[in-house]
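[1] Got a predicted model here, sequence first, then my questions.
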Amino acid sequence: MIKVLYFAWVRERIGVPYEIVETQSGTVMELVEELKQKEPRYEIAFSDLSAIKVAINQELCEFDTKLNGAIEIAFFPPMTGG
Amino acid sequence: MIKVLYFAWVRERIGVPYEIVETQSGTVMELVEELKQKEPRYEIAFSDLSAIKVAINQELCEFDTKLNGAIEIAFFPPMTGG
Amino acid sequence: MRISVQLKDFDIGKELKLFNNGDTNIGAVVSFHGIVRNNSEKSLMHMDIEQYPGMTQKAISNYVEMAVERWSLYDALVIHRHGKLLLGDRIMMVATAARHRRDAFQSAEFLMDYLKSRAPFWKKEVTKDGYQWVKSVLDDESALERWR
Amino acid sequence: MRISVQLKDFDIGKELKLFNNGDTNIGAVVSFHGIVRNNSEKSLMHMDIEQYPGMTQKAISNYVEMAVERWSLYDALVIHRHGKLLLGDRIMMVATAARHRRDAFQSAEFLMDYLKSRAPFWKKEVTKDGYQWVKSVLDDESALERWR
């Protein structure tokens, strides 16, 4: 069980700000592939991964990072603060 | 006739903030040599010219700049504002 | 050191007064503030800033600690707003205090570069025709290179 | 654009409020202020700043105009005090307003570098043992290199 959060246009395409997902995936990439199988909205949201960033437990990571029992994972576009 | 101004430790060594000087000097350097002839306090103040800056009519210039009928000339140490 | 992520506006003058803590080693204070400016079509109605609560505070603290250490800062301040902001509204501010001006300038630029593309905020520009998410620019990403 | 050489203190918050003139192209404001800090022997009583009246205003205007043109600034401000200043007193401030943060930062640093070694001010540090004129440092002179 992992809490998956979405922000900005990723959130809009997925349609929810967060959800709880039951998964056996070992890495971020495997989780993404698993989500893309579920429904077209995930396929659309994750169609260009170069435009998406990931954070595990509120720290930026890569798509090949292992989930390792993470509590929280978030997907979002590049930040535009400041 | 030219108004000669002194600032910071140059002023302290010369002993006056400014004076009116009658001169036929063509360049800043000639004026400095002329002043140094006058009295020891000028010789002391102008002993190390690498530590002194000059401005003619309130604009920085060099020691070989021509006086060219300048109204005002100033001698001072490198600036330390900001 | 103070970090605040907030909905409400802030007063730069008051913040800088509180900030200047009277340490007699401080000789230089740099502050930056960002303002909602118009877009290129001059049609901006307002801006919405989304954040990732929990991660924002953590990420900013990280970069502030890095800056304090790297430039021996005596103090550092980051305020970043989220929510709805109108044209001309203050978005955020950064302030740094050091012995010499170079350290204060460098650390403030460093913090801005990191806030811009590493703190989890997303800007949305709302016009009468709809809205669009502000795109990150390559410049902001490559700005981080100089700090490595 | 405002330049002021003055004896009295200034209020950074008020200055920045007046400064922000409501131009909706302004997205970034950088401000710097210098403070009288202690000397290395921790014996500073006060500081005296001498100026060359007439030349100061002229020289600063020059550098401000250069900065406004080079970085397309929407506004620029320089305030510099002279006379007697106590430990912790504000000495001077610079502020710049631009569309993007890089221009605001660069122009503020440029102005500081020029004010430091090209505006006719001289600082004197007064301690209980007497006083000494602050020496210019080679660093300040070479800081100008990057703007050529």
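    In hand now; what should we look at? Not measured: the values here are computed from a predicted model.

[2] In the chain, mark out all the helices, start to finish.
    If you meant another chain, say so; for now it's chain A. Using DSSP state H, the helices of chain A run over residues A:8-14, A:28-38, A:40-45.

[3] The chain in question should be chain C.
    Under DSSP H, chain C gives helices at C:12-19, C:55-70, C:101-118, C:138-143.

[4] right, and those helices - which one's nearest chain D?
    helix C:12-19 (1.2 Å; Cβ to the nearest Cβ). C-beta coordinates here come from the backbone N, C-alpha and C atoms, glycine included.

[5] Residue of chain A closest to chain C, please.
    The minimum distance from chain A to chain C, using Cβ to the nearest Cβ, falls at residue A:81 (3.1 Å).

[6] Grab the nearest non-local neighbour of that residue.
    residue C:121 (3.1 Å; Cβ to Cβ, 6 or more residues apart in numbering or on different chains).

[7] go on, residue C:34?
    residue C:91 (4.2 Å).

[8] residue contacts, the one you found?
    A:82, C:33, C:34, C:35, C:36, C:47, C:49, C:80, C:81, C:85 (Cβ atoms under 8 Å, 6 or more residues apart in numbering or on different chains).

[9] Closest to chain B out of the residues you listed?
    residue C:33 (21.9 Å).

[10] Quick check: the closest one vs chain A, distance?
    Distance check for residue C:33 against chain A: by Cβ to the nearest Cβ, to the nearest Å, it reads 11 Å.

[11] my read: that residue touches residue C:12, true?
    Yes. Using Cβ atoms under 8 Å, residue C:33 is in contact with residue C:12, at 6.0 Å.

[12] so what sits against both of those two?
    Common neighbours of residue C:33 and residue C:12 (Cβ under 8 Å, 6+ apart) are C:90, C:93.

[13] pretty sure residue C:132 contacts residue C:122?
    No. Applying Cβ under 8 Å, one finds residue C:132 not in contact with residue C:122, separated by 11.4 Å.

[14] Any buried residues in stretch C:95-108, and which?
    Within stretch C:95-108, the residues that count as buried by 16 or more other Cβ atoms under 10 Å in any protein chain shown are C:95-99, C:101-108.

[15] Let me know the closest of these to residue A:9.
    Using Cβ to Cβ, residue C:108 is the member of these that sits closest to residue A:9, with 30.4 Å.

[16] residues in contact with that closest one?
    Neighbours of residue C:108 in contact, by Cβ under 8 Å, 6+ apart: C:30, C:31, C:32, C:94, C:95, C:96, D:30, D:105.

[17] Once you drop chain neighbours, what's closest to the third one?
    What it means is residue C:32. residue C:94 (4.8 Å).

[18] which residues does the one you found bridge with?
    Beta-bridge partners recorded for residue C:94 (DSSP bridges): residue C:32, residue C:78.

[19] Count residues in the vicinity of it, would you?
    29 (other Cβ atoms under 10 Å in any protein chain shown).

[20] Residue A:72 contacts residue A:20, correct?
    No. Checked against Cβ under 8 Å, the pair residue A:72 and residue A:20 is beyond contact range at 10.4 Å.
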